[in-house]
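> predicted structure and sequence below. I'll ask about it afterward.
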Amino acid sequence: MKQEPTPFGNEPPVPNLVRFLPTGRRRSEGGSTIVELLIALSILSVGLLAHGSLTLSSMTQSELNRERRLALEGLRSQLEQMRAWDFRQCYSAFDLSSANDPPGAPGSQFDILGLEPVSPGGRVGRVLLPTAPNPSGTPPTALREDLSQPDIGLPADLDGDGAIDNLPKDDSYVRLPVRVEARWRGVSGEQQMIIATWLGGQP
């Protein structure tokens, strides 16, 4: 059988050994790779966000614990200062009124180092005593034992006479219910802590 001549003479044609993949399959594989990458990036982002949120929450809780520790220490320190004061003058030295203050009276408000007051220019701590209007009018407010304040055990006999009345007990009390309060602006907003106790013994 006669062989047809080729463009390069009588050399036999070289078989085509190169095979090409269908273009659709290659696009599909490329698209799958991009989708897998996006999914991996999404998972990584969620993990980073969760880690960041957990870290922030831990830092906030740590700061809140620090604030509460400072508040507790400040309130206890204030109570110790009141116990060290002359008991017969304790009410007038720490009540809201300055008209009856003995010399050197610290007053009802105090600072706690490391805590920011709620109101600018204000103070973090204050002493709360069972004070109410004086029926006789002088002084305008007085220590009263007939008040309804069950959180500190009132009404109760403060002067030890066996009766509860609405007369002022500023000069006759033998026991004194006290609350000390701290209010501050903290990492989680406005915070409050109160300690209630009795000076001179609880009835």
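Perfect, thanks for sending it.
> which helices and strands sit right next to the top helix by length along the chain?
Across the chain, the helix with the greatest residue count (assigned by DSSP state H) is helix 23-84. With contacts taken as 3 or more C-beta pairs under 8 Å, 6 or more residues apart in numbering; DSSP states H and E, helix 23-84 sits against strand 125-128, strand 176-186, strand 189-199. Quick note: C-beta positions are derived from backbone N, CA and C, even for glycine.
> run the last query once more with 10 Å
helix 90-94, strand 109-110, strand 125-128, strand 176-186, strand 189-199 (3 or more C-beta pairs under 10 Å, 6 or more residues apart in numbering; DSSP states H and E).
> low-confidence ranges, this structure, go.
Applying pLDDT under 70 to the chain flags residues 1-32, 51, 53-54, 56.
> still on that earlier bit, okay, the angle between the longest helix of the chain and strand 189-199?
Angle, helix 23-84 to strand 189-199, by axes from the mean of the first three to the mean of the last three C-alpha atoms, to 10 degrees: 30 degrees.
> okay, the helices and strands packed on helix 23-84, which one's buried deepest?
By mean neighbour count, with neighbours taken as mean count of other C-beta atoms under 10 Å, helix 90-94 ranks first of those at a mean of 23.
> quick one: Ala93 from Pro106, how far?
Here Ala93 is placed at a distance of 7 Å from Pro106 (C-beta to C-beta, to the nearest Å).
> kindly report the same for Asp171.
Between Asp171 and Pro106 the computed distance is 20 Å (C-beta to C-beta).
> same check on Asp165?
Counting by C-beta to C-beta - Asp165 and Pro106 are separated by 30 Å.
> now swap in Ser172 and tell me
23 Å.
> closest one to Thr138 among the helices and strands packed on helix 23-84?
helix 90-94 (14.2 Å; C-beta to C-beta).
> and that closest one, what does it pack against?
helix 23-84, strand 125-128, strand 141-143, strand 176-186, strand 189-199.
> distance to Gly52 added to the helices and strands packed on helix 23-84, as a markdown table?
A markdown table is the format used below for the helices and strands packed on helix 23-84 (distance: least, C-beta to C-beta, whole Å):
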| stretch | distance to Gly52 |
| --- | --- |
| helix 90-94 | 47 |
| strand 109-110 | 39 |
| strand 125-128 | 36 |
| strand 176-186 | 22 |
| strand 189-199 | 21 |
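> alright, that wraps it up for me.
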